[in-house]
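Novice: Below is the sequence, then the predicted model.
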There are 2 protein chains.
Amino acid sequence: MAGKFDADDVISALGALAHENRLALFRLLVQAGPDGMAAGAIAEALCLPNSSLSFHLAHLVRARLIQQERRSRSLIYTADYGTMNGLVGYLMENCCGGATCAPAALCKPEIISRQAKRNVA
Amino acid sequence: MAGKFDADDVISALGALAHENRLALFRLLVQAGPDGMAAGAIAEALCLPNSSLSFHLAHLVRARLIQQERRSRSLIYTADYGTMNGLVGYLMENCCGGATCAPAALCKPEIISRQAKRNVA
DNA sequence: TAATAATTTCGATAGTACTGGAAATATCGT
DNA sequence: ACGATATTTCCAGTACTATCGAAATTATTA
């Protein structure tokens, strides 16, 4: 599911996360878990105008860090853990001169969601 | 050594790496290992004008991803693994809803340098 | 099918980032 | 102190990114 993850994908993901509002947005969706959140709820949580939020959502979707799905009138957004794992994996492999520096046991969505439910502060 | 690593540090590091030339530059310095590389050598390796390279180097230094040290006439740049570990650690802790998804055994500089020497392609 | 609701797209503006040549700074050898 | 070397800083031009109100789009309900 993570598939290829080349430098362009990494740059795209890094750039998408390298913004105050978008990092907060992604973390919010990670906390929200597999159910995701509607755009309106996100806008309210982050105190952002709809148009600004939409801009940032599109940015994260373009980088494949989040996914969009329509549920009746609302557009629900969910975090894409596969891309996040790809990013972290790339960084780990490239922070140690080609050697992976930590066991590459990345997070699987099912496990994540259960952990998340137990561990939300 | 990694110390505190808050959202601002993360955004700073992400932004610094989110550029074609700077990502290539950082990877080059990781491969170069603890001996680092002189600015001129980097410029030649990446085919960048000195002024452009200097701009990117300053960006990475500001984010503490690399360090500068003068060795006679040359300024030597080396990768700062502590910051990289802080970044990866933050992402791992925040990609799974607050639970760390991989054992947090990050890379230590000494180990890195030996691994790097064995593993450079 | 008209009214309503949720969200995006448009457009204008402001700010920030990238690039590269030329001038300035720092170090070394003679 | 001078000339050569290594690198940065300065500058200006260009391009990209962010913001947010208002209009347009899409889907639902009556």
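Specialist: Nice, I can see it.

Novice: OK, contacts around residue A:49?
Specialist: residue A:43 (CB atoms under 8 Å, 6 or more residues apart in numbering or on different chains). (Glycine included, C-beta is placed from N, CA and C.)

Novice: Helix or strand: which one has the closest residue to residue A:65 other than its chain neighbours?
Specialist: Residue nearest to residue A:65 in three dimensions, not counting chain neighbours: residue A:83, with 5.2 Å by CB to CB, 6 or more residues apart in numbering or on different chains. Assigned by DSSP states H and E, residue A:83 falls within helix A:81-94.

Novice: One more: residue A:76?
Specialist: Element membership for residue A:76 (DSSP H and E) is strand A:74-79.

Novice: how about that strand against DNA strand C, any contact?
Specialist: Yes - shown here: strand A:74-79 in contact with DNA strand C (CB under 7 Å from any atom of the strand) through A:74, A:75.

Novice: Give me the contacts around that strand.
Specialist: Contacts with strand A:74-79, where a contact means CB under 8 Å, 6+ apart, come from A:26, A:29-30, A:32, A:34-40, A:42, A:57, A:61, A:65-70, B:95.

Novice: so which of these also contact DNA strand C?
Specialist: Restricting the contacts of strand A:74-79 to those touching DNA strand C (CB under 7 Å from any atom of the strand) yields A:38, A:39, A:40, A:57, A:68.

Novice: Pick out the residue of chain A closest to DNA strand C.
Specialist: Proximity of chain A to DNA strand C (CB to the nearest atom of the strand) peaks at residue A:40, 2.2 Å away.

Novice: From residue A:77, how far out is that residue?
Specialist: Applying CB to CB, to the nearest Å, the value for residue A:40 to residue A:77 is 11 Å.

Novice: Same question for residue A:67.
Specialist: 7 Å.

Novice: Who has more neighbours out of these two?
Specialist: The residue with more neighbours, out of residue A:67 and residue A:77, is residue A:77; 25 against 16, by other CB atoms under 10 Å in any protein chain shown.
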